[in-house]
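1. Next come a sequence and a model predicted from it.
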Amino acid sequence: MQHNARIQKTLEAFGHDALLSCLETSDGYDGVRGVDFYGPRFPAVYRSAIRNFSSFHGRLPDAGRLPLAADHLFFSKFFRIFPTNPNAASKLNAVRFLDKERFGEKVYVPRRFFISTTPSLPEDLSSVSGWLLKLDLGNAAQFKVPTGLGSTQQRVIRHRVEKWFAAAPYGAQWGEWWYSASPQRVFFEEDLTDRMTGDEYQFFMKRGRCVMFKKKRIFKATAQRREKTVVAFYDCAGNHIPGTQSNFDVPDDLSISSHTDVMLETALQIAAYFDHIRVDFIVLHDEPALGELTCCTMNARIRYSNTALEAVARDAVRLDLSGI
């Protein structure tokens, strides 16, 4: 009860009436905000989102000062405009923002097939052994189809996909509405593991410019060590920015990929459609591959290890609430 009272107090301090009035102010925008998408459900979702934020940060989001990147990200879920046609949160739609004439020969797009808006799958799943089966809208819903599938294993896979479709839309209850903004789909994608360097790059874009990018690598668990993630941040000239994210380590190797220029150029082209977006790439040995577009990094449950890095990250996601 005490926590709910604090949430209510924050709603009132932020201007609950003003928030609800936003439902009538977005006509003419080329895109949608969370407050528009949720409509009458907005107050309940907003309270749930505050609980989600405060459980990680130990405080309520601060609409007055917007002190950290996380605060800007939190309010972005409700008051930043994101395009919905095509829906940027769709894994399949990322390529629709790509200028294929300029980048079709420079950036690899993984092959996909059997894209379906229902949980129905091919009759014989052994024909897609070795491919990745992915859910379009959501997080971490994917797996590699194993070889040597028997009828029982095929039934297990079909049941798993049926559960994906039956589940509530990912993120909707805490404000990541974009995962509910278009029909759910399932698809098969080629497995690029043998071509990967192990590095992922994420470009944090603001109004068509690059603010910073992140290099990320996950070292899988072995008998000698636990799984480990290392990250390093850079300005868009490729200069390392000291610090890290949350509890991740900084890699020993701070060099950047020879494909960085191509990834940056591609991210700049895609970012022209957005106020803020994160453009992700997987680095292959011979070229970069386009990954996903991310609207709200880690659902605002993110910390940076020093004030200098925090300031750059905040610039990348800066949101102006003065008109609300």
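-> Looks like it arrived, so ask away.
2. what pLDDT does residue 140 get?
-> pLDDT recorded at residue 140 is 85.
3. what are the ranges of the helices in the stretch 151-300 of the chain?
-> 151-166, 260-271 (DSSP state H, counting those that start in this stretch).
4. and among those, the most buried is which?
-> Highest mean neighbour count among the helices of the stretch 151-300 of the chain (mean count of other CB atoms under 10 Å): helix 260-271, with a mean of 20. All C-beta spots, glycine's among them, are computed from the backbone N, C-alpha and C.
5. Distance from that one to the middle of the chain?
-> In terms of CA atoms, centre = their mean, to the nearest Å, the centre of helix 260-271 is found 17 Å from the chain centre.
6. again with stretch 72-84
-> The answer for stretch 72-84 is 12 Å, by CA atoms, centre = their mean.
7. quick one: average confidence on that stretch?
-> The model assigns stretch 72-84 a mean pLDDT of 96.
8. quick one, strands of the stretch 201-324 of the chain?
-> Assigned by DSSP state E, counting those that start in this stretch, the strands in the stretch 201-324 of the chain fall at 209-219, 228-234, 240-241, 276-284, 288-294.
9. What count of nearby residues applies to the residue lying closest to residue 313 once chain neighbours are set aside?
-> Distances taken as CB to CB, 6 or more residues apart in numbering put residue 69 closest to residue 313, at 4.1 Å, once the chain neighbours are dropped. Each residue near residue 69 was counted by other CB atoms under 10 Å, and the total is 24.
10. With residue 140 as the reference, measure out to residue 69.
-> Separation of residue 69 from residue 140 (CB to CB, to the nearest Å): 23 Å.
11. Make CSV out of the helices of the stretch 151-300 of the chain and add distance to residue 185 and mean pLDDT.
-> CSV is the format used below for the helices of the stretch 151-300 of the chain (distance: least, CB to CB, whole Å; pLDDT from 0 to 100):
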stretch, distance to residue 185, mean pLDDT
helix 151-166, 10, 95
helix 260-271, 21, 96
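12. so after the lowest-mean-pLDDT helix or strand in the chain, what's the next helix or strand?
-> For the chain, counting by mean pLDDT, DSSP states H and E, helix 16-21 ranks last in confidence among helices and strands (a mean of 38). Where DSSP states H and E defines the elements, the next helix or strand beyond helix 16-21 is helix 34-38.
13. Highest mean neighbour count across the strands of the stretch 201-324 of the chain, which stretch is it?
-> Taking mean count of other CB under 10 Å, strand 276-284 is the most buried of these, at a mean of 23.
14. got a list of contacts for that one?
-> 76, 80, 88, 107-108, 192, 195-207, 257, 259, 263, 266-267, 270-271, 288-295, 297, 316-319 (CB atoms under 8 Å, 6 or more residues apart in numbering).
15. same thing but at 6 Å, please
-> For strand 276-284, contacts defined as CB atoms under 6 Å, 6 or more residues apart in numbering pick out 195-197, 199-206, 257, 263, 267, 270-271, 288-289, 291-294, 297, 317.
16. quick one on the thing from earlier: can you tell me which of the strands of the stretch 201-324 of the chain comes nearest to residue 46?
-> When the strands of the stretch 201-324 of the chain are compared by CB to CB, strand 276-284 sits nearest residue 46, at 19.8 Å.
17. Distance from the chain centre to that closest one, please.
-> So, by CA atoms, centre = their mean, the centroid of strand 276-284 is 10 Å from its chain's centroid.
18. what lines up beside it in the sheet?
-> As defined by DSSP bridges, the strand partners of strand 276-284 come to strand 196-206 (antiparallel), strand 288-294 (antiparallel).
19. and that strand, what's its mean pLDDT?
-> 97.
20. That one to strand 209-219, inter-axis angle?
-> 40 degrees (axes from the mean of the first three to the mean of the last three CA atoms, to 10 degrees).
21. Return strand 276-284 as CSV; C-alpha atoms alone will do.
-> Output of strand 276-284 as CSV, limited to C-alpha atoms (Å, rounded to 0.1, in the frame of the first residue of the first chain):
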residue,chain,number,x,y,z
HIS,A,276,15.8,8.0,-31.0
ILE,A,277,16.7,4.4,-32.0
ARG,A,278,19.4,1.9,-31.3
VAL,A,279,20.6,0.1,-34.5
ASP,A,280,22.1,-3.3,-33.8
PHE,A,281,24.6,-5.3,-35.9
ILE,A,282,26.2,-8.7,-35.7
VAL,A,283,29.8,-8.6,-37.0
LEU,A,284,30.7,-11.4,-39.4
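22. hang on, the earlier thing: with distance to residue 41 added, can I get the helices of the stretch 151-300 of the chain in a markdown table?
-> Output for the helices of the stretch 151-300 of the chain, formatted as a markdown table (distance: least, CB to CB, whole Å):
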| stretch | distance to residue 41 |
| --- | --- |
| helix 151-166 | 21 |
| helix 260-271 | 30 |
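23. Minimum distance to residue 101: which of those helices has it?
-> Counting by CB to CB, and looking across all of the helices of the stretch 151-300 of the chain, nearest comes helix 260-271 at 10.7 Å.
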